[in-house]
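Asks: Here is my input; please provide its structure:
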Amino acid sequence: MDDPDVAVLLTAADHLDALAARTTGGSWTVGGLLASRPEVIARWADGSTEHVAEARARTAEWIVTLTPAVAGPLAAWLRSAADATPADPHALAVARVLTG
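Replies: Residues are numbered from 1 along each chain as shown. Modelled structure (predicted):
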């Protein structure tokens with residue numbers, strides 16, 4: 001694994017698998033708001049910020065889309081890209097975000 005592109009792809013795939021393994025499973029759907037939540041802040045290009053809980057109505061579908069069910073196929077895609085020559089630049093971009 002001397003190729004840094006392959007290393008980042010495989011590291012990102014392993015990270016996704018580990019994250020999915022410790023995340024609540026099942027089928028996620030949009031529901032009511034929870035009283036407790038992690039502190040997550042969205043930072044906008046203009047420098048302004050917004051607490052993600054305040055934007056929950058706009059972010060719920062995004063969060064549901066990234067359920068643990070997506071981790072397996074996404075990790076498989078990253079591993080497949082690690083076997084390709086040259087590596088898919090889109091897969092590399094995703095892997096760099098996940099490992100950054």
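Asks: Residue 44: what's it in contact with?
Replies: Shown here is residue 44, whose contacts under the criterion CB atoms under 8 Å, 6 or more residues apart in numbering are residue 50. Any C-beta I mention is one placed from the backbone N, CA and C, and that applies to glycine too.
Asks: for this protein, what helix or strand is lowest in average pLDDT?
Replies: helix 56-65 (a mean of 66; mean pLDDT, DSSP states H and E).
Asks: Identify each buried residue in whichever helix or strand comes after that one, please.
Replies: For helix 56-65, the following helix or strand on the C-terminal side (DSSP states H and E) is helix 68-83. Of the residues in helix 68-83, those buried by neighbour count under the rule 16 or more other CB atoms under 10 Å are 68, 71, 74, 75, 77, 78, 79, 81, 82.
Asks: Residue 95: which of these is nearest?
Replies: Nearest to residue 95 among the buried residues of helix 68-83, counting by CB to CB, is residue 78 at 5.6 Å.
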